[in-house]
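Peer 1: this is a predicted model, with the sequence first.
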Amino acid sequence: QVQLVESGGGLVQAGGSLRLSCATSGFAFNNYAVGWFRQAPGEEREFVAVIDRAYSTIYADSVQGRFTISRDNDKNTMFLQANSLKPEDTAVYYCAASAHTAIKREHFPFWGQGTQVTVSS
């Protein structure tokens, strides 16, 4: 059974940092691209970052230079280091896995349940 479980969300002041984790099981993690998406209230779920099995990364323009995605294949876990957080980063953050390097959510068949990130001004 495929499982992705996010952790590390919370409430932080603008300018602060959070480190999100996503523990996975049930699929060949090291053969998959893994990524983060986020969804703010009333908004569509949007791409944040992806890291493929060759450790190549792609970021949304809105987080480039502030967020860093990484993975630990030994632990089947991925991370998102979010620095210089802004109120507009407030959203539920989801981790996801895809057999191909992708940035569209329809290309990710496996999803976590999400973790809330709230950035206060």
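Peer 2: Cool, the structure landed.
Peer 1: check contacts around residue 79.
Peer 2: Residues near residue 79 by CB atoms under 8 Å, 6 or more residues apart in numbering: 19-22, 69-72. (Glycine included, C-beta is placed from N, CA and C.)
Peer 1: list the buried residues for stretch 55-68?
Peer 2: Neighbour-count burial for stretch 55-68 flags 57-60, 63, 67-68 (criterion: 16 or more other CB atoms under 10 Å).
Peer 1: out of those, which sit inside strands?
Peer 2: 57-59, 67-68 (DSSP state E).
Peer 1: and those residues, which two are furthest apart?
Peer 2: 58 and 68 (12.4 Å; CB to CB).
Peer 1: between the ones in strands among the buried residues of stretch 55-68, which is closest to residue 102?
Peer 2: residue 58 (9.2 Å).
Peer 1: my understanding was that the closest one contacts residue 36; is that so?
Peer 2: No: with contact defined as CB atoms under 8 Å, residue 58 does not reach residue 36; the gap is 11.0 Å.
Peer 1: anything in contact with each of these two?
Peer 2: Common neighbours of residue 58 and residue 36 are listed as 49-50 (criterion: CB under 8 Å, 6+ apart).
Peer 1: residue nearest the centroid of the protein?
Peer 2: residue 36 (2.3 Å; CA atoms, centre = their mean).
Peer 1: what about that one, is that helix, strand or coil?
Peer 2: At residue 36 the chain is in strand, as set by DSSP: H, G, I helix; E, B strand; the rest coil.
Peer 1: who's it bridged to?
Peer 2: Here residue 36 sits in beta bridges with residue 49, residue 95, going by DSSP bridges.
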